[in-house]
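Participant: requesting a structural model of the entry that follows:
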Amino acid sequence: MMKNIIAGIDVGNGYTKGKIDDWGFAIPSAVVPRYCGRDAKVKSENVAAEFANNGFLDRMDLGFQSDLIKDGVRRLFGTRAVKSGLTRETFDVNRRKGKALVDLSGVMTLGSIAGKVLMDYWNDKHALPADALNVDVILTTALPIQEFLEYGDEYHDKFTKGKHIVGVYNFENPISIIINFLDVHIFSEGESAKFGLLDSTSSFVDKLLSDAKDNEQMLRGIKASDIIHANNTLGVDIGEGTVNFAVFTSGELNVDASATFHVGYGTVLEKANEEFEISDMPFKDRSSLTQFLLDGRTALNALRYDALKKAIESASYPYAKSLAMETSRVIGNIGDFLDVIYVYGGGAEGLHDAFYPEIVEISKEIGKNISIPVLYMRGEYARLLNQHGLYKLAENLAANYKNSHKNDFPEA
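Facilitator: Okay, the predicted model is just below:
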């Protein structure tokens, strides 16, 4: 079977988010290497449960043969990995080794694609394949700005050099999925987010503004079209491992003024967990802590949950101060050519109370007490902007490829 797919995948330090053929997903960027141990094979009568609610990505057991991944070790994915109690492979937010240089980026990208391909086969056939599945892929993904400038071409070549084989080991018989990348484009994380905003409908941005204006006086009178068409902008993308400052001047990415701060929101979570170690209540790692928060507060975990939130809040304010210093340095270089500041990313929500007053104060200083507008995105807006932009860019890339290779990429 040959399948064609379009994918925009944002491999974050905390979560991998994306769209594959307009199907959105998010799974922890954490896997468990299986060096040994007993296989937990799914019996034929239980196969349907593995694909229930399109949740297979949270239960995958995969192996890889790929230039993106140095070893062939099998790995468990998703909440299965996070809740396994076993040692996990995650992005180390305390090291400078970038995403382009570690196996986990390829593991998350190939694993997401393979999982979607097998889910589609099951949903169509209600059976597992007897033979290998082949898929041709148009992919967009992103790297932090400085890493994109240094390693973008090398990372691109790892995708396009040969085929990539993913083995699925959940079931009684292994399944092979052979992935061939027809075209790949690596963007900087700032570019993809900006495009996500540019491609957003006016109604989407109107709702974003409406929600923001409840608390942000400086946005009164600003319309969606003002935000979408602003030419001189700064995007502050707060991720777990890095913060990217994406500067656009006259509508184009200004690589000279853009920068990456190599201390992300994950350090706040690490500091909070260190405080828990003192109290003899530590989490195994950052991904366990994040999963605990996502599971929510209950009567049974209330004491621990409240203590964790307090520890995170305590760690947020010193971090917000250091992030404000970096932001001020970037803005100081471009203040005369700045119309609006966007704040977004997976860490934006958790850092809002500590960082928002800081960046507003900076905007007043640069604007000589007339604030440069700050659009601080929260919740879903903040988390999904890169994902939305990457998928729209992937659709454009696919359209261009189809126009120039009409016989090679027929409609699925």
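
Participant: please count neighbours and contacts with C-alpha atoms only from this point.
Facilitator: Noted.

Participant: quick one, helices of the stretch 301-412 of the chain?
Facilitator: Shown for the stretch 301-412 of the chain, the helices assigned by DSSP state H, counting those that start in this stretch span residues 302-334, 348-366, 379-404.

Participant: mean neighbour count added to those, as JSON lines?
Facilitator: Below are those laid out as JSON lines (neighbours: other Cα atoms under 10 Å):
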{"stretch": "helix 302-334", "mean neighbour count": "17"}
{"stretch": "helix 348-366", "mean neighbour count": "19"}
{"stretch": "helix 379-404", "mean neighbour count": "21"}
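
Participant: lowest-scoring secondary structure element of the chain by mean pLDDT?
Facilitator: Least confident helix or strand of the chain, by mean pLDDT, DSSP states H and E, is helix 202-213 with a mean of 65.

Participant: buried residues in stretch 101-108?
Facilitator: 103, 104, 105, 106, 107, 108 (16 or more other Cα atoms under 10 Å).

Participant: ok, longest strand in the chain?
Facilitator: strand 175-188 (DSSP state E).

Participant: against which helices or strands is that strand packed?
Facilitator: helix 103-125, strand 133-143, helix 145-160, strand 164-168, helix 379-404 (3 or more Cα pairs under 8 Å, 6 or more residues apart in numbering; DSSP states H and E).

Participant: list the buried residues of the shortest one.
Facilitator: Going by neighbour count (16+ other Cα under 10 Å), the buried part of strand 164-168 is 164, 165, 166, 167, 168.

Participant: wait, residue 29 touches residue 11, no?
Facilitator: Yes - between residue 29 and residue 11 there is a contact under Cα atoms under 8 Å: 7.3 Å.

Participant: quickly list what's touching both of these two.
Facilitator: residue 108 (Cα atoms under 8 Å, 6 or more residues apart in numbering).

Participant: on that earlier part again, what comes up buried for the helix or strand following the least confident helix or strand of the chain?
Facilitator: Using DSSP states H and E, the helix or strand that directly follows helix 202-213 along the chain is helix 224-228. Of all the residues in helix 224-228, those buried under the rule 16+ other Cα under 10 Å are 224, 227, 228.

Participant: could you report the pLDDT at the second one?
Facilitator: The per-residue pLDDT reported for residue 227 equals 76.

Participant: ranking the helices and strands packed on strand 175-188 by mean pLDDT, which is last?
Facilitator: Across the helices and strands packed on strand 175-188, helix 379-404 gives the lowest mean pLDDT, at a mean of 87.

Participant: so what does it touch, helix or strand wise?
Facilitator: strand 2-11, strand 15-20, strand 133-143, strand 175-188, helix 189-199, strand 340-344, helix 348-366.

Participant: could I get the buried residues of stretch 101-108 as TSV with distance to residue 397?
Facilitator: Compiled in TSV, the buried residues of stretch 101-108 are given as follows (distance: Cα to Cα, whole Å):
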residue	distance to residue 397
103	25
104	25
105	21
106	20
107	23
108	21
